[in-house]
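Provide a 3D model corresponding to the input given below.
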Amino acid sequence: MKPISKLIIFVLTCLTLAASAFAQEPSPREQFQTAVAAYQKAANSETALKVIELFKQIDPPPAVTEEARRHFVMGATVLKESTDAAGAKKALDLFTQSVHLAPWWAEARYNCVLAREASGDFNGAIAELKIYLVFSLADTERREAQDKIYALEAKTQLAAERKTEEDKVATAKKVEEDKVAHAAAEKRQAEQARRDVFTKIKNAVNGRSYVSDELSYNDTVRYAGVNEHELFGGGQYYLFTVHTSMFWKYFDERVELWGDNHDGSKSLVLLGESWGPKITDMRWFVGKGDNTKSETQQVWVYVNLENGCLYAASVGGRPLNASEFDPKKRYRYYRYAPAK
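Predicted structure coming up:
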């Protein structure tokens, strides 16, 4: 083959390869359209910056679609009319749709900043501004945007401090509410425990009628009394009848033992209040005729839940204070027992 022929073949080959390479390289506008599609598929800072960088290389620039402008104007109107964070978030949704349709539109991106700021999302507004700064801006616009970042950083700090203080207040309020709830629960438990004490007495009484007798170690002297040893079975005592017919009344806060008198009247004989979860926590009062508890006097009482008997000291008899009690001394006691 002649040298001239080889030269022609070489030149043709180079031209073919160059044309092929040129045909495979997409134009900036085609790259821009691809980047827009990628952003609309996955909107994030990376895909947004890619669109903006390619947008700056296109002349003439692409026009903003009418639908993007529609959402932009609607968002501006909602933001202007909004009076709270909820309204600002509605405006942000509209601006976001505008940016989605035209991610190269700087004004739409900046309005996202304003909407996020109005809604209290200062970090989000800063992120939007950092994207906005990639646009080809005038020096004054760039300065304003950068200063706004600083202002938003201050607002972020202030918001964090307020949030910390609010959390402290909320925590203190929660602690106080928990205390109140705990106290209420304890109160309910205490009330239930007191009711349980009454239930124990009611179960021991078992619906039976009662009789009362006065105890005495002397079979001929009714008011001679008994000592501790004699009271609890260590010695002998005698019974002197007081009431032959008695009955119980049950209330939420107390139990009452009433007696039938010889003249047919009824009188409050013994009243018991629960002050704790145990029978021994009860306080007992001796009644006077049919008068109220305010006219009763507290007395010492022992309750035997096994047989339903109660042993009560007379008024002014056995001391309520254990340190003042003398087990050898004889005090007057009354026994209230189920009728046989």
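
wait, a strand at residue 302?
Yes. With DSSP: H, G, I helix; E, B strand; the rest coil as the criterion, residue 302 is located in a strand.

okay, and the beta partners of it?
residue 311 (DSSP bridges).

check contacts around it.
Residues in contact with residue 302 (CB atoms under 8 Å, 6 or more residues apart in numbering) are 310, 311, 312. Every C-beta, even on glycine, is put in place using the N, C-alpha and C of the backbone.

state the mean pLDDT of stretch 168-182.
Average pLDDT, stretch 168-182: 96.

mind checking what secondary structure the residue lying closest to residue 242 once chain neighbours are set aside has?
In this structure, residue 242 finds its nearest non-sequential neighbour in residue 212, 4.4 Å apart by CB to CB, 6 or more residues apart in numbering. Look at residue 212: counting by three-state DSSP, its state is strand.

look up how far residue 248 lies from residue 212.
Here the criterion is CB to CB, to the nearest Å. By it, residue 212 lies 13 Å from residue 248.

of these two, which one has the most company?
Neighbours of residue 212 and residue 248, each counted by other CB atoms under 10 Å, are more numerous for residue 212; the result is 22 against 18.

what's across from the more buried one in the sheet?
Under the criterion used here (DSSP bridges), residue 212 is bridged to residue 243, residue 336.

how near is it to residue 228?
Taking CB to CB, one finds residue 212 at 21 Å from residue 228.

how about the helices of the stretch 201-340 of the chain, start to end?
Under the criterion DSSP state H, counting those that start in this stretch, the stretch 201-340 of the chain contains helices at 228-231.

residue ranges with poor pLDDT in it?
Counting by pLDDT under 70, the low-confidence segments of the stretch 201-340 of the chain come to 288-295.

strands along that one, start to end?
Applying DSSP state E, counting those that start in this stretch to the stretch 201-340 of the chain gives strands spanning 210-216, 238-250, 254-260, 266-273, 283-286, 297-299, 301-304, 309-313, 333-338.

dump those into TSV; add distance to residue 76 as well.
Shown next, in TSV, are these (distance: least, CB to CB, whole Å):
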stretch	distance to residue 76
strand 210-216	88
strand 238-250	74
strand 254-260	73
strand 266-273	73
strand 283-286	76
strand 297-299	80
strand 301-304	82
strand 309-313	85
strand 333-338	88
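
quick one: stretch 81-97 to chain centroid distance?
Averaging C-alpha positions (CA atoms, centre = their mean, to the nearest Å) puts stretch 81-97 31 Å from its chain's average.

can you list contacts of it?
Here stretch 81-97 makes contact (CB under 8 Å, 6+ apart) with 68, 71-72, 74-76, 78-79, 108, 111-112, 115-116, 118-120.

could you rerun that using 6 Å?
Stretch 81-97 is contacted by residues 71, 74, 75, 78, 79, 108, 111, 112, 115, 118, 119, 120 when judged by CB atoms under 6 Å, 6 or more residues apart in numbering.

circling back to that earlier point, hang on, the residue nearest to residue 242 packs against residue 336?
Yes. Using CB atoms under 6 Å, residue 212 makes contact with residue 336 at a distance of 5.0 Å.

which residues in the stretch 51-200 of the chain form helices?
Remark: helices assigned in the stretch 51-200 of the chain by DSSP H, counting those that start in this stretch are 66-81, 85-101, 106-119, 122-132, 139-205.

rewinding a little: which of the strands of the stretch 201-340 of the chain sits closest to residue 164?
Using CB to CB as the measure, strand 266-273 is the one of the strands of the stretch 201-340 of the chain that comes nearest residue 164, at 49.9 Å.

now do that closest one against strand 333-338, angle only.
Angle of strand 266-273 versus strand 333-338, following axes from the mean of the first three to the mean of the last three CA atoms, to 10 degrees, is 100 degrees.

and strand 266-273, which strands flank it?
Strand pairing for strand 266-273, using DSSP bridges, gives strand 254-260 (antiparallel), strand 283-286 (antiparallel).

rebuild these as TSV, extending it with distance to residue 273.
As requested, the strands paired with strand 266-273 are exported to TSV (distance: least, CB to CB, whole Å):
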stretch	distance to residue 273
strand 254-260	5
strand 283-286	5
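
a markdown table for these, including mean neighbour count and distance to residue 218?
Listed next are these as a markdown table, based on neighbours: other CB atoms under 10 Å; distance: least, CB to CB, whole Å:
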| stretch | mean neighbour count | distance to residue 218 |
| --- | --- | --- |
| strand 254-260 | 19 | 24 |
| strand 283-286 | 19 | 23 |
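
for residue 32, which of the ones you listed is the nearest?
Within the strands paired with strand 266-273, the stretch nearest residue 32 is strand 254-260; the backing value is 89.1 Å (CB to CB).
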